[in-house]
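1. Have a look; sequence and predicted model below, questions after that.
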Amino acid sequence: MSGQGQYFVRKASGLVREFGTTDLLLISSAMVFGLVFTTTQFPWFYGFNPGANLALSLTIAGIPFLFLMLTYWVIGVVMPRSGSDYVWVSRIFHPSIGFAWSFLYMFAVFTTAYVGGLSAFSYALSIAVTMWGLLFNSPGLVAFSNFLSSPVGVFYLAVGFTIIFALFSVFGARLIKGLLYVSWGAAILGIVLMWWLLGTTNPTIFAAKWNSVMASYPSYQALQDAATTGGWTVPAGGMAAVMGALPLASLFLFGGNYGGNVIAGEVKDVRKTVPIALILSLVLGIVYWSISGFLTLNAVGENWFYALSYSWEVNPASYGLPFPPSQPLLLSVIAYPNTILLALIFLTYFFGSVQILFVYFWVPSRYFFAWSFDRIIPTRFADVSRRFHTPHVAIGAMTVLSVIVLGLYAFTSWSTAFTIGTFLWGVAYVIPALATIVFPFTKKDLLEQAPEFMRKKIAGVPIITIIGFLTSASFLYMGYIAYTNPLITSPTLSGLGIAVSIVIGAFIVYFASLAIHKRQGLDIEMAFKELPPV
């Protein structure tokens, strides 16, 4: 089109396809599972769902996620651009809807996964340092661990990592790949170490270790007795517990579709790479969490862990420890007093968690780039470094946003106000799924780009449309359960106000940008009639 360069910022994105199949699989998998996410994930799940079989809950919850991966498979191969789901929604529905939806989705994922993940990371480091303080009888190390878990400590640590991540993001694919591969190497070592420690321990050994190592705190049995006094009872388990745990089990599987599609404009051979990354990340996530959960319960004792998790999550008044019942704590107790194992726990949690935190920081910058390339926000955000082929201004914006939200999270009631973030993350998938339903009817010119089997029809209805319907219905239903379950979401007026303000603000920004550009003689809506250039 002759006017293409006029509507878009330029005739080429400036980004380079530098990530292959293995790279994308590492990115997608990092967003589903990893060491940092184990920090408090198990006590959180079992505190609210004692007796639930995590592996079975994950397998059942994996069915709607399979529909989601198929939906994002279509999105990734039909519109392989930066911020591809934003491009998808804005081209099928309306650019204002695409912008408002993607801004809210990006912000919810960023706040929940990056900011929340950094908090879990600080807990993991704090517990590791605490164990070293106990091992060497060092009040200084214990004091340092308390600092790491304090609001100031969490904020300083988070800002430090954010600056490092920004530098890696700006300096391009080689550094990013190096970080991914090195960190994943540490993570694999940490996973093997975790499984080995848990697999060679039983509740009797663990109880004796706990009573010896944690002598300054309530004994193994005393913690369970306190939970019983506080209202905990031995769970019945069964399918009722499994089905009741589905909304929480689904939260273990979020993220695999996120990175693989948002950076689709920088991925080689998307028709092969995207589906492999999407499906494998889901399967590996289910396997990883299932094995880790099973081994944890077998090592420390099911009822003890259920009871401790209940006290920590449901009835804090009966919880007798000054720190969470985190995975690093359990592993450190098992490893004590072996200094080599304790050091490996610390190092693998530290270096093996970096890639997860990095991708949740790095990926959102591509939304800023995509919005800017369509001229919704200032075009400076679409600037790309000629040397490193990275959108450095968009990355800078992500860095500033990170520091602001981290400060709000650490020093205000933001974390309480935005507990709605996990609900928004899941229910957001309804919008691109709805776009997938109508895609075969509104974008017939692009239908041939979709996978062949999805273009076939059942009773006259394209399989793509059926997949979109199943995805939207599944996540709408899970969103309803999550929103109405106070154990998952704690709706507050401030949280709802934040979400509504983001959506309203995004619509205002879009229509203001449209009006400004029209006064300059440019109708930016013309750009949304076609895909951005590669």
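-> All right, it came through fine. Remember, it's a predicted structure, so these values are computed and weren't measured experimentally.
2. Contacts only, for H517.
-> H517 makes contact with 375, 523-524 under the criterion C-beta atoms under 8 Å, 6 or more residues apart in numbering. C-beta: built from backbone N, CA, C; applies to glycine.
3. do that again at 6 Å, thanks
-> Contacts for H517 were tallied using C-beta atoms under 6 Å, 6 or more residues apart in numbering; they are I524.
4. The one 10 residues further on too?
-> Neighbour list for A527: 7-8, 374 [criterion: C-beta under 6 Å, 6+ apart].
5. cool, I376 as well?
-> 99, 510, 513.
6. Any chance of these in JSON lines with neighbour count and secondary structure as columns?
-> Shown next, in JSON lines, are those (neighbours: other C-beta atoms under 10 Å; DSSP: H, G, I helix; E, B strand; the rest coil):
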{"residue": "F99", "neighbour count": "25", "secondary structure": "helix"}
{"residue": "Y510", "neighbour count": "25", "secondary structure": "helix"}
{"residue": "S513", "neighbour count": "20", "secondary structure": "helix"}
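7. Let's have those in CSV, adding pLDDT and distance to V267.
-> Listed next are the contacts of I376 as CSV, based on pLDDT from 0 to 100; distance: C-beta to C-beta, whole Å:
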residue, pLDDT, distance to V267
F99, 97, 23
Y510, 96, 27
S513, 95, 28
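8. Which members of the contacts of A527 occur in helices, if any?
-> Y7 (DSSP state H).
9. Dump the contacts of A527 into JSON lines; add distance to L476 and pLDDT as well.
-> Below are these laid out as JSON lines (distance: C-beta to C-beta, whole Å; pLDDT from 0 to 100):
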{"residue": "Y7", "distance to L476": "34", "pLDDT": "74"}
{"residue": "F8", "distance to L476": "34", "pLDDT": "81"}
{"residue": "D374", "distance to L476": "28", "pLDDT": "94"}
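10. Out of the contacts of A527, which is nearest to S29?
-> D374 (30.1 Å; C-beta to C-beta).
11. With adjacent residues omitted, what lies nearest to the closest one?
-> A527 (5.5 Å; C-beta to C-beta, 6 or more residues apart in numbering).
12. now F45
-> Closest to F45 by C-beta to C-beta, 6+ apart is L248, at 5.6 Å.
13. right, and the secondary structure at the one you found would be what?
-> helix (DSSP: H, G, I helix; E, B strand; the rest coil).
14. Now do it: how many residues are near it, please.
-> 25 (other C-beta atoms under 10 Å).
15. Poorly predicted segments of this structure, please.
-> The chain contains residues with pLDDT under 70 at 1-5, 413-421, 482, 484-492.
16. which residues of it fall in strands?
-> 457-458, 461-462 (DSSP state E).
17. Looking at these, which one is packed in the most?
-> Greatest average neighbour count among the strands of the chain goes to strand 461-462 (a mean of 16), per mean count of other C-beta atoms under 10 Å.
18. How far away from the center of its chain is that strand?
-> Counting by C-alpha atoms, centre = their mean, to the nearest Å, strand 461-462 is centred 32 Å from the centre of its parent chain.
19. Likewise for stretch 135-152?
-> Per C-alpha atoms, centre = their mean, the centroid offset for stretch 135-152 relative to its chain is 28 Å.
20. ok, back up a step: most neighbours out of the contacts of A527, which is it?
-> Going by other C-beta under 10 Å, D374 tops the contacts of A527 with 27 neighbours.
21. nearest spatial neighbour of F358, skipping sequence neighbours?
-> F165 is the one closest to F358 (C-beta to C-beta, 6+ apart), at 5.1 Å.
22. same question, Y46
-> Closest to Y46 by C-beta to C-beta, 6+ apart is S309, at 4.4 Å.
23. what's near enough to touch the one you found?
-> S309 makes contacts with 43, 46-47, as judged by C-beta under 6 Å, 6+ apart.
24. just to revisit the earlier point, and the gap between the residue nearest to F45 and E525?
-> Per C-beta to C-beta, to the nearest Å, L248 is found 42 Å from E525.
25. What are the boundaries of the helices in the stretch 251-400 of the chain?
-> For the stretch 251-400 of the chain, the helices defined by DSSP state H, counting those that start in this stretch occupy 256-262, 270-300, 302-313, 327-335, 339-351, 354-362, 365-373, 392-411.
26. Run a quick neighbour tally on P275.
-> Neighbours of P275 under the rule other C-beta under 10 Å: 20.
27. for G238, that is, sorry about that
-> Around G238 there are 11 residues (other C-beta under 10 Å).
28. sorry, back to before: identify whichever of the helices of the stretch 251-400 of the chain lies nearest to Y181.
-> Across the helices of the stretch 251-400 of the chain, closest to Y181 is helix 354-362 (C-beta to C-beta), at 8.6 Å.
29. which helices and strands does the closest one pack with?
-> helix 21-30, helix 151-170, helix 173-199 (3 or more C-beta pairs under 6 Å, 6 or more residues apart in numbering; DSSP states H and E).
30. Just put the ones you listed in JSON lines and tack on mean neighbour count and distance to L406.
-> Putting those into JSON lines (neighbours: other C-beta atoms under 10 Å; distance: least, C-beta to C-beta, whole Å) gives the following:
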{"stretch": "helix 21-30", "mean neighbour count": "23", "distance to L406": "20"}
{"stretch": "helix 151-170", "mean neighbour count": "18", "distance to L406": "5"}
{"stretch": "helix 173-199", "mean neighbour count": "18", "distance to L406": "20"}
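31. Dump the ones you listed to TSV, plus distance to Q355.
-> As requested, the helices and strands packed on helix 354-362 are exported to TSV (distance: least, C-beta to C-beta, whole Å):
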stretch	distance to Q355
helix 21-30	5
helix 151-170	10
helix 173-199	4
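32. So for K443, which of those helices sits nearest?
-> The nearest among the helices and strands packed on helix 354-362, by C-beta to C-beta, is helix 21-30 at 24.6 Å.
33. ok, the residue nearest to A227 when sequence neighbours are not counted - how many residues close by?
-> Nearest residue to A227 in three dimensions, chain neighbours excluded: A307, at 3.7 Å (C-beta to C-beta, 6+ apart). Applying other C-beta under 10 Å, we find 26 residues neighbouring A307.
34. about what we covered before: S119 versus the residue nearest to F45, what's the distance?
-> The value you get for L248 to S119, if C-beta to C-beta is used, is 18 Å.
35. what do you get for T465?
-> Per C-beta to C-beta, T465 is found 41 Å from S119.
36. and what of F33?
-> Note on F33: its distance to S119, by C-beta to C-beta, is 18 Å.
37. These two: which has the busier surroundings?
-> F33 (25 against 21).
38. residues contacting that one?
-> Counted by C-beta under 6 Å, 6+ apart, F33 has contacts 285, 288.
39. about what we covered before: ok, the residue nearest to F358 touching F361?
-> Yes. Contact criterion C-beta atoms under 6 Å: F165 and F361 qualify, at 4.5 Å.
40. And the closest residue to G285 other than its chain neighbours, its phi and psi?
-> Residue nearest to G285 in three dimensions, not counting chain neighbours: V32, with 3.7 Å by C-beta to C-beta, 6+ apart. Reported as degrees, to the nearest 10, the phi and psi values for V32 are phi -100, psi -40.
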